[in-house]
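>>> Sequence first, predicted coordinates after that:
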Amino acid sequence: MFCKECGAKLSEGAKFCPKCGTKCGEVKKEKVEKKQTKSLTKDEIIAGDTKVFKIVSYLGILWILGIFCGSKNDPKVRFHVGQGIILTLGLVAVSIVSAILSAIIVATCTTVSFFGISAGISGLGMFLLGLVNLVCYGAYIFYVVYGIVNAAKDKENKLPLIGNLAFYK
């Protein structure tokens, strides 16, 4: 006598197969699981494809990709593109302010040159230049990371202080 499940030889009067544990005279019923494929809706396909456009909206001028490729059907992409535009304009403004402050610091902290001898920018001037750049560009990096995290999590949180200025919606 042989096991109907695994084919192992059974001794006379055995109630269970010593190899697979199947009760003699019974066959294990295999669970047949069919993979159920769910057809995606058009909105689900669009949402999956537009996440990249939401994220790159915060990386410099790459928000332009969202305008031309991803924002026609998705208001969330338009939201993040608007935040990215404001962030880019803010970076331009911060760069101008930083350049003006740097010029002022260099002008006021440079020693006067006499007879071809000049000492350059003082230590205080260098410290102030570094501090101005750290504050300006540190804030920009914070905004970029904040925006990318929100876009990746599919949230529509406005950028602090400048997010209300977004005009592209």
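Looks like it came in fine.

>>> When you work out contacts or count neighbours from here on, use the C-alpha atoms and nothing else.
Fine.

>>> which residues touch stretch 86-95?
Contact with stretch 86-95 is made by 58, 60-61, 136-137, 140, 143-144, 162-163, 165-166, as judged by Cα atoms under 8 Å, 6 or more residues apart in numbering.

>>> Take those and keep only those in helices.
Judged by DSSP state H, those include 136-137, 140, 143-144 as members of helices.

>>> Can you tell me which of the contacts of stretch 86-95 has the most neighbours?
residue 58 (27 neighbours; other Cα atoms under 10 Å).

>>> In the longest helix seen in the chain, which residues are buried?
In the chain, assigned by DSSP H, the helix with the most residues is helix 75-109. For helix 75-109, burial by neighbour count (16 or more other Cα atoms under 10 Å) applies to 76-88, 91, 94, 98, 101-102, 105-106, 109.

>>> quick one: it to chain centroid distance?
When distances are taken as Cα atoms, centre = their mean, to the nearest Å, helix 75-109 is centred 21 Å away from the chain's centroid.

>>> average model confidence for it?
Average pLDDT, helix 75-109: 87.

>>> Repeat that for stretch 136-143.
pLDDT averaged over stretch 136-143 gives 91.

>>> which residues touch it?
87, 91, 94-95, 98, 159.

>>> same check, this time on stretch 55-65
53, 66, 80-81, 83-85, 87-88, 144, 147-148, 151-152.

>>> rerun at 7 Å
With contacts defined as Cα atoms under 7 Å, 6 or more residues apart in numbering, stretch 55-65 is touched by 53, 66, 80-81, 84-85, 88, 144, 147-148, 151-152.
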